[in-house]
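Trainee: I need the structure of the sequence given here:
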Amino acid sequence: MWNPPDPDAFYAEVYEVVRQIPEGRVSTYGWVASLIPPPEGSDPEQYRRLGARWVGTALRSLGDPSVPWHRVINGQGKISLPAGSSSAQTQRRRLQAEGVAFGADDRVDLSQFGWPATDESD
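Mentor: Just a heads-up that it's a prediction; the model follows:
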(Lines give C-alpha, C1' and ligand atoms only; values in the text may rest on other atoms or scores of the structure.)
Protein backbone atom coordinates (compact mmCIF):
# COMPACT_ATOMS: atom_id res chain seq x y z
CA MET A 1 0.00 0.00 0.00
CA TRP A 2 1.73 3.16 -1.21
CA ASN A 3 -0.84 5.55 0.26
CA PRO A 4 -2.55 5.72 3.63
CA PRO A 5 -5.96 4.00 3.80
CA ASP A 6 -7.73 7.37 4.29
CA PRO A 7 -5.46 9.98 2.70
CA ASP A 8 -7.57 13.00 3.65
CA ALA A 9 -7.62 12.05 7.35
CA PHE A 10 -3.89 11.30 7.36
CA TYR A 11 -3.04 14.53 5.53
CA ALA A 12 -5.06 16.52 8.08
CA GLU A 13 -2.98 14.95 10.88
CA VAL A 14 0.24 15.77 9.02
CA TYR A 15 -0.81 19.39 8.59
CA GLU A 16 -1.69 19.66 12.29
CA VAL A 17 1.77 18.40 13.32
CA VAL A 18 3.58 20.62 10.79
CA ARG A 19 1.70 23.69 12.08
CA GLN A 20 3.33 23.03 15.47
CA ILE A 21 6.91 23.36 14.16
CA PRO A 22 8.08 26.73 15.47
CA GLU A 23 9.63 29.40 13.32
CA GLY A 24 13.38 28.91 13.04
CA ARG A 25 13.15 25.14 13.53
CA VAL A 26 12.84 22.20 11.15
CA SER A 27 11.56 18.67 11.37
CA THR A 28 12.00 15.67 9.12
CA TYR A 29 9.45 13.69 7.16
CA GLY A 30 10.23 10.68 9.35
CA TRP A 31 9.93 12.58 12.61
CA VAL A 32 6.55 14.03 11.58
CA ALA A 33 5.40 10.49 10.71
CA SER A 34 6.61 9.23 14.10
CA LEU A 35 4.35 11.76 15.84
CA ILE A 36 1.27 10.34 14.11
CA PRO A 37 0.01 6.89 15.05
CA PRO A 38 -0.31 4.37 12.23
CA PRO A 39 -3.58 5.07 10.45
CA GLU A 40 -6.44 2.69 11.08
CA GLY A 41 -6.37 -0.05 8.49
CA SER A 42 -2.62 0.14 7.94
CA ASP A 43 0.02 -2.32 9.03
CA PRO A 44 2.27 -0.71 11.69
CA GLU A 45 5.40 -2.21 10.11
CA GLN A 46 4.39 -0.85 6.72
CA TYR A 47 3.75 2.54 8.31
CA ARG A 48 7.20 2.48 9.90
CA ARG A 49 8.68 1.97 6.43
CA LEU A 50 6.39 4.26 4.44
CA GLY A 51 5.24 6.93 6.89
CA ALA A 52 7.87 9.47 5.84
CA ARG A 53 6.85 9.05 2.18
CA TRP A 54 3.20 9.50 3.13
CA VAL A 55 4.14 12.74 4.91
CA GLY A 56 5.93 13.92 1.76
CA THR A 57 2.90 13.08 -0.34
CA ALA A 58 0.68 15.01 2.08
CA LEU A 59 2.90 18.07 1.80
CA ARG A 60 2.98 17.82 -2.00
CA SER A 61 -0.84 17.82 -1.91
CA LEU A 62 -0.97 20.87 0.33
CA GLY A 63 -3.27 23.68 -0.66
CA ASP A 64 -3.33 25.53 2.68
CA PRO A 65 -0.84 28.41 2.96
CA SER A 66 -1.13 28.37 6.78
CA VAL A 67 0.86 25.11 6.92
CA PRO A 68 4.61 25.88 7.10
CA TRP A 69 5.62 23.09 4.70
CA HIS A 70 9.06 24.64 4.27
CA ARG A 71 10.01 23.53 7.81
CA VAL A 72 10.06 19.85 6.84
CA ILE A 73 13.29 18.49 5.37
CA ASN A 74 14.79 15.04 4.96
CA GLY A 75 16.57 13.01 7.63
CA GLN A 76 19.96 14.04 6.26
CA GLY A 77 19.15 17.67 7.03
CA LYS A 78 18.69 18.56 3.37
CA ILE A 79 15.92 19.97 1.26
CA SER A 80 14.38 17.09 -0.69
CA LEU A 81 13.11 19.10 -3.62
CA PRO A 82 15.21 19.05 -6.81
CA ALA A 83 18.26 21.25 -6.33
CA GLY A 84 17.92 24.53 -8.13
CA SER A 85 14.16 24.24 -8.55
CA SER A 86 12.11 27.30 -7.67
CA SER A 87 10.41 25.34 -4.87
CA ALA A 88 13.76 24.34 -3.37
CA GLN A 89 14.97 27.94 -3.59
CA THR A 90 11.76 29.16 -1.95
CA GLN A 91 12.12 26.61 0.85
CA ARG A 92 15.73 27.57 1.51
CA ARG A 93 14.94 31.31 1.42
CA ARG A 94 12.07 30.87 3.87
CA LEU A 95 14.16 28.83 6.28
CA GLN A 96 17.06 31.28 6.14
CA ALA A 97 14.65 34.18 6.75
CA GLU A 98 13.60 32.36 9.94
CA GLY A 99 17.23 32.03 11.05
CA VAL A 100 17.85 28.42 9.99
CA ALA A 101 21.46 28.07 8.82
CA PHE A 102 22.75 25.75 6.12
CA GLY A 103 26.27 24.36 6.26
CA ALA A 104 28.71 24.32 3.36
CA ASP A 105 27.26 20.89 2.47
CA ASP A 106 23.74 22.40 2.18
CA ARG A 107 22.63 20.60 5.34
CA VAL A 108 20.80 21.95 8.35
CA ASP A 109 22.27 20.89 11.69
CA LEU A 110 19.34 18.94 13.13
CA SER A 111 20.90 18.96 16.61
CA GLN A 112 20.69 22.75 16.55
CA PHE A 113 17.56 23.45 14.50
CA GLY A 114 15.61 20.20 14.77
CA TRP A 115 12.14 20.01 16.28
CA PRO A 116 11.13 18.54 18.55
CA ALA A 117 14.41 19.17 20.26
CA THR A 118 16.23 16.07 21.43
CA ASP A 119 17.70 18.00 24.35
CA GLU A 120 15.14 18.36 27.16
CA SER A 121 16.73 21.65 28.27
CA ASP A 122 15.96 23.25 24.89
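
Trainee: Pull the contacting residues for the nearest residue to V14 once chain neighbours are set aside.
Mentor: Distances taken as C-beta to C-beta, 6 or more residues apart in numbering put A58 closest to V14, at 4.0 Å, once the chain neighbours are dropped. Placement of C-beta: from N, CA and C, glycine included. Going by C-beta atoms under 8 Å, 6 or more residues apart in numbering, A58 touches 7, 10-11, 14-15.

Trainee: Would you format those as JSON lines with neighbour count and pLDDT included?
Mentor: Output for the contacts of A58, formatted as JSON lines (neighbours: other C-beta atoms under 10 Å; pLDDT from 0 to 100):
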{"residue": "P7", "neighbour count": "14", "pLDDT": "95"}
{"residue": "F10", "neighbour count": "24", "pLDDT": "97"}
{"residue": "Y11", "neighbour count": "20", "pLDDT": "97"}
{"residue": "V14", "neighbour count": "27", "pLDDT": "97"}
{"residue": "Y15", "neighbour count": "19", "pLDDT": "98"}
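
Trainee: Report the central residue of the chain.
Mentor: In the chain, the residue lying closest to the centroid (C-alpha atoms, centre = their mean) is V72, at 2.9 Å.

Trainee: my read: it touches R25, true?
Mentor: No: counting by C-beta atoms under 8 Å, V72 does not reach R25; the two are 10.7 Å apart.

Trainee: just to revisit the earlier point, so is the residue nearest to the residue nearest to the centre of the chain when sequence neighbours are not counted in a helix, a strand, or just coil?
Mentor: Using C-beta to C-beta, 6+ apart and skipping residues adjacent in sequence, the residue nearest V72 is S27, 5.6 Å away. For S27, the secondary structure call by DSSP: H, G, I helix; E, B strand; the rest coil comes out as strand.
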